[in-house]
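Undergrad: Provided below for reference: sequence and predicted model.
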Amino acid sequence: MPELPEVETTVVGLRHYVEKATITDSLFHRDKIRYPLDKAWIKKITGQKIVRVYRRAKIIVMQLENGYLLWHLGMTGSLRVSQPNEEKRQHDHVECQLDNGRILRFHDPRRFGYLKWFADETSMQASIAHYGIEPLSDAFSAEYLYKISRNKTQPIKNLIMNQEIVVGVGNIYACEALYSAEIRPQTSSGKISKPRYQRLVQAIKRILQKAIAQGGTTISDFENAEAKPGYFQQSLSVYGKTDSPCVQCKTPIKTIKLGGRNSFYCPSCQK
DNA sequence: CCCGATTCCTGTAGGC
DNA sequence: TGCCTACAGGAATCGG
């Protein structure tokens, strides 16, 4: 599931091939993925140079000369740059031909991802205005989480996965960070002390940074801009490890459902 | 306001 | 071996 590290890995990989390249043609192979793909966008983006590529939350933003393309990878999406001679694959829903010969391809078997086009910065910004702060910024601190969580009974895992509070943390990294911080995922966020939030914030930042350095996590679908998998799955301690011995204490890893999502934790290490 | 349930979707895994 | 069902979940939306 693409979370912040996978999106960041994709953006860094894309940059080299697509920044300063011009879109010469595009193909939409479906009427919609998560949201409708408007064929009128093709005319708008043809002939446009890709000025800049960056990440905001789990979104890949491509600034064009006359607007913005926003890509979301959803659950199983990837955005890659194919060589001119590479065949299109099944589930490649969007293709953009670039003037350097490469082809930008959006691949997404489950189609939870999306592409949106905006004509100006104001409308683009409005569409992402609900997003919270970036976890790798200085604004993401123990003080911030402590303050925002007072009087909340919501489980801490749900809180840190709430994209209106902090962006980019999904199921995998939420589980891993809570394990590292020795906090059970179901703990009431309002009952967590500031020192424990300090541990959690540091764990989130450290794990996200390490995962970026390892090119993200590939469980089944994720591939980077060059169609290569990540390596962070080797460093996972609890995610997907139901009944496996905890790497610290050998206690079997437990699974519970929180907010409809599987949550993995060590009942001995995490309190 | 806040919570959980539902929806979108297909590849994969497990049971029989 | 093959068929069927359950499950995975990001995020928008809906209902209590």
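TA: Cool, got the structure.

Undergrad: Name the SS class of A:Arg52, please.
TA: strand (DSSP: H, G, I helix; E, B strand; the rest coil).

Undergrad: what's the answer for the one 3 residues further on, then?
TA: Recorded secondary structure, A:Arg55: strand (three-state DSSP).

Undergrad: Tell me the spacing between it and A:Thr122.
TA: Separation of A:Arg55 from A:Thr122 (Cβ to Cβ, to the nearest Å): 20 Å. Heads up, the C-betas are built off the backbone N, CA and C, glycines and all.

Undergrad: So the two - more neighbours on which side?
TA: Using other Cβ atoms under 10 Å as the criterion, A:Arg55 and A:Thr122 rank with A:Arg55 on top: 18 against 9.

Undergrad: In contact with that one, which residues?
TA: Contacts for A:Arg55 (Cβ atoms under 8 Å, 6 or more residues apart in numbering) come out as A:4, A:7-8, A:11, A:61.

Undergrad: So, low pLDDT: which residues of chain A?
TA: Along chain A, segments meeting pLDDT under 70 are nowhere present.

Undergrad: ok, which stretches of the stretch 51-200 of chain A are strands?
TA: Per DSSP state E, counting those that start in this stretch, the stretch 51-200 of chain A carries strands over the ranges A:59-64, A:68-72, A:78-82, A:92-98, A:103-107, A:114-118.

Undergrad: Tell me which helix or strand A:His44 sits in.
TA: For residue A:44 the amino acid is Lys, not His. helix A:40-45 (DSSP states H and E).

Undergrad: What parts of chain A come near DNA strand B?
TA: Applying Cβ under 7 Å from any atom of the strand, we find that chain A lies next to DNA strand B at A:32, A:34, A:75, A:90-91, A:109-112, A:152-154, A:158, A:220, A:259-260.

Undergrad: what about the residue of the stretch 1-150 of chain A found nearest DNA strand C, neighbour count?
TA: At 3.6 Å from DNA strand C, A:Met1 is the closest residue in the stretch 1-150 of chain A, using Cβ to the nearest atom of the strand. Residues lying near A:Met1 (other Cβ under 10 Å) number 19.

Undergrad: same thing with A:Gln248?
TA: Counted with other Cβ under 10 Å, A:Gln248 comes out at 12.

Undergrad: Could you do the one 10 residues further on as well?
TA: Per other Cβ under 10 Å, the neighbour tally for A:Leu258 reads 18.

Undergrad: Longest helix in chain A, by number of residues?
TA: Identified as the longest helix of chain A according to DSSP state H is helix A:194-213.

Undergrad: Mind listing what's buried along it?
TA: Within helix A:194-213, the residues that qualify as buried by neighbour count (16 or more other Cβ atoms under 10 Å) are A:196-201, A:203-205, A:207-208, A:211-212.
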